[in-house]
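Trainee: Here is a sequence together with a model predicted from it:
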Amino acid sequence: MACGPEGVDEEVARAESSLTALRGDTTEDPTTGDTHAHDEDDDLCTNSNVAPATLSAAVTVQESSITITASNMSDEPRWVRVTLHALLGETAPSAIRDAVVVPAGGTITTQVDARELGVEVSRLWLPVSLKAEVEVLDATGQPTERVFARGSLGAPLPEGALESAALSVDLGATTVRGQRGAAEFLAVLPGGAGRDLIPTGDPALADGARADAATGTGGLPEPPLGVQSGIQNYRFCFRLPVSLADAGFGEDYGVDPTNPWVARGMLVRVFAPGGVKKFDGYLDGQGCTTEFSSGDDSGFVIFGYTRAQIANNDLVVYNDNKLLGAVAIWGANPGPSGTKVYTFPDHELSNLLAVSAWTLARFNGGLSGETFKVNAACRPDGSQCCNCSSGGELWVTSDDRKFIIGHELGHRILGFYTGGYDNDCSFDLFVNPLSPMACDAGPGPGGHSMWSAEFESCAAMEGWAHFVATAAFNDTTEQDATMQYWGGSDPTINVENGPNGGQTAYYDTICNIATPSTLGVELDWLRQWWDYRTNTNVGDAGVRPSNGQMMDEISASLPWTNQTTWTNLTQGIEDTSGADQSQRWTDMGTWNGID
């Protein structure tokens, strides 16, 4: 029995076991099958006290029963006892068979009715993994040798079929979540040495009507029609269901709160009947596979994962257990040749994946080769970092707010681009009672907001993150823009000018704190970054910079201090882009009240 594949990615090697596809109905699954891999428990490979060359075991699952085969490969007869465990999470019901004598070189076969274990094999409602324990007993009935074999609910596939299903299950004592006993699902990624096993959350499944392709392709190009009789040419495209609380407030993109988004760059696997792989990789910017041919026009199985490649960067979205999300469409029926559009079923990570992918596609500044990790959770260190960029990862709990997701990505993008930046948000009017208190983030000490007085480094950096979110969902070839903030009494912000969202030059107009003089507010800096990027008024100095140029200028201005952020940026722009561009920056600063 093999103890697992080599070359397993350290980041994702939490559980390794026999693999099986899982679904929640009684239709035959063309992709289920048994494979081998080592378990995270050492004794599930071989016990350290046994001689594995003289004893072996195997598990096979039929429609309503499980067969355990035990072989005595020694040169003498042995008393052998077989026990089958169903690993259902916190419980592991067992079926024990009385010991029997197995002759030298002989084999015994034992069958167990699945109902003895409380498992309804035909429906597979409960993800279940099986462990067969085969023991050699001495004259007193005590075990002297022991081996284990792992099996999963699913019949073996013929040679040349799907080696391992994209959704697989390994249950340990701590993985049960809810009535269905949700397990860790392992996605088998393409490429590399061995198999990369990626733990995922309980998958969202779609079949029946949800597996029918949408009519019309929305302008997507059609592949050429098959020229061979009975052969279909396809291009599958995918959408992700999205539900947003901050959509439709005047922004240009993502304005429908419930309309599915393109699954751009998403990791997807497509299998024709019989487990024949047709696509295994990342979708393009239109959320589509490459073109492929098939002799089948129905019965496809599609798996998708909350992982994507955007502008040559990796995007990985985890749930609160640090697991990838998985979605599946069973029995997809594309029909005649053409481009077919499918919408994946709802999943708790759909929003984060769709919005993050869009933001990275819209705003990356040429950044390449980085890995963006986004967690649908607070950072698990007690820091109460719940919508933040920290420790090289994003931690987002407000996944229905695209501007929050875009904001936090704005921090991470700049962090990758510059190698680090300064952001001191420690100034607080609550503990520095300067007039007026209207510019305090309040209530109580700590925190910062769109309108709170902060050190320049904080106001500039938080304003930058607001700007990235704004640029992601507004047309940067136009000067007007809207951002929907997540707090305050006036959350719909006119990014070009006040008064909506706050007066222009808010700090000078509302706060007007003379000492210290190097304070600012995020709102003014948001408008500063936006004006610098988009303004095309007659008489404006310089030119509209690109996103990458702006990050080059920021890089040249670092490090910032609480007293030198403005002057450092002005000099960094001049050093990078020349005097005219620096003049453009200072002109915008005068208008927005931050010079």
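Mentor: Yes, it's here.

Trainee: Sketch out the low-pLDDT regions of the chain for me.
Mentor: The chain contains residues with pLDDT under 70 at 1-53, 61-65, 87-92, 114-115, 117-130, 150-229, 422-424, 426-438, 440-448, 512-517.

Trainee: Show me what the closest residue in space to residue 302 that isn't next to it in sequence bridges to in the sheet.
Mentor: Excluding its sequence neighbours, the residue lying closest to residue 302 (CB to CB, 6 or more residues apart in numbering) is residue 329, at 4.2 Å. All C-beta atoms are positioned from the backbone trio N, CA, C, and that covers glycine. For residue 329, the beta-bridge assignment (DSSP bridges) gives partners residue 206, residue 302.

Trainee: okay, now residue 329: neighbour count?
Mentor: The criterion is other CB atoms under 10 Å. On that basis, residue 329 has 26 neighbouring residues.

Trainee: Quick one: residues contacting the nearest residue to residue 103 once chain neighbours are set aside.
Mentor: Counting by CB to CB, 6+ apart, the nearest residue to residue 103 once its immediate chain neighbours are dropped is residue 77, at 5.0 Å. Listed by CB atoms under 8 Å, 6 or more residues apart in numbering, the contact partners of residue 77 are 101-104, 106.

Trainee: same thing with residue 368?
Mentor: The neighbours of residue 368, taking CB under 8 Å, 6+ apart as the test, are 311-313.

Trainee: can we see that at 6 Å?
Mentor: Contacts of residue 368 were listed using CB atoms under 6 Å, 6 or more residues apart in numbering, and they are residue 312.

Trainee: Surely it is in a helix?
Mentor: No: assignment of residue 368 by DSSP: H, G, I helix; E, B strand; the rest coil gives coil, placing it outside any helix.

Trainee: any idea how far residue 362 is from it?
Mentor: 16 Å (CB to CB, to the nearest Å).

Trainee: swap in residue 485?
Mentor: 19 Å.

Trainee: Residue 143 too?
Mentor: Applying CB to CB to residue 143 and residue 362 gives a distance of 62 Å.

Trainee: Same question for residue 103.
Mentor: Residue 103 is 71 Å from residue 362, where distance means CB to CB.

Trainee: More neighbours: which of those two?
Mentor: A direct count of neighbours by other CB under 10 Å for residue 103 and residue 362 places residue 362 higher, at 18 against 11.

Trainee: With adjacent residues omitted, what lies nearest to that one?
Mentor: In space, residue 362 is closest to residue 472, 4.6 Å off (CB to CB, 6+ apart).

Trainee: Return the residues in contact with that neighbour.
Mentor: Per CB under 6 Å, 6+ apart, neighbours of residue 472: 359, 362-363, 406.

Trainee: for it, phi and psi?
Mentor: Dihedral angles of residue 472 (phi, psi; degrees, to the nearest 10) stand at phi -70, psi -30.

Trainee: swap in residue 347?
Mentor: phi -150, psi 150.

Trainee: next one: residue 452
Mentor: Geometry field for residue 452 lists phi and psi as phi -90, psi 150, criterion degrees, to the nearest 10.

Trainee: separation between it and residue 460?
Mentor: Summarising the geometry, the distance separating residue 452 from residue 460, computed by CB to CB, is 14 Å.

Trainee: again with residue 349
Mentor: Here the criterion is CB to CB. By it, residue 349 lies 32 Å from residue 460.

Trainee: How about residue 374?
Mentor: From residue 374 over to residue 460 (counting by CB to CB), the distance is 24 Å.

Trainee: With residue 55 instead?
Mentor: Applying CB to CB, the value for residue 55 to residue 460 is 69 Å.

Trainee: who has more neighbours, the two?
Mentor: When neighbours are counted by other CB under 10 Å, residue 55 and residue 460 differ, and residue 460 comes out ahead with 28 against 22.

Trainee: Which SSE is immediately downstream of the helix or strand encompassing that one?
Mentor: Element membership of residue 460, judged by DSSP states H and E, is helix 456-473. Past helix 456-473, further along toward the C-terminus, the next helix or strand under DSSP H and E is strand 482-484.

Trainee: and the helix or strand following that next one, what does it pack onto?
Mentor: Toward the C-terminal end, the helix or strand that comes next after strand 482-484 (DSSP H and E) is strand 492-494. With contacts defined as 3 or more CB pairs under 6 Å, 6 or more residues apart in numbering; DSSP states H and E, strand 492-494 has no helix or strand neighbours.

Trainee: one step back: would you mind writing the CA trace of the helix holding residue 460 as CSV?
Mentor: Below are the C-alpha coordinates for helix 456-473, written out as CSV (Å, rounded to 0.1, in the frame of the first residue of the first chain):
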residue,chain,number,x,y,z
GLU,A,456,-0.4,62.4,6.7
SER,A,457,1.0,58.9,6.1
CYS,A,458,-2.3,57.3,7.2
ALA,A,459,-4.6,59.8,5.3
ALA,A,460,-2.5,59.3,2.2
MET,A,461,-2.3,55.5,2.4
GLU,A,462,-5.9,54.9,3.3
GLY,A,463,-6.9,57.4,0.6
TRP,A,464,-4.8,55.4,-1.8
ALA,A,465,-6.7,52.2,-1.0
HIS,A,466,-10.0,54.1,-1.4
PHE,A,467,-8.7,55.3,-4.8
VAL,A,468,-7.8,51.8,-6.0
ALA,A,469,-11.4,50.6,-5.1
THR,A,470,-12.8,53.6,-6.9
ALA,A,471,-10.6,53.0,-10.0
ALA,A,472,-11.7,49.4,-10.1
PHE,A,473,-15.4,50.2,-10.3
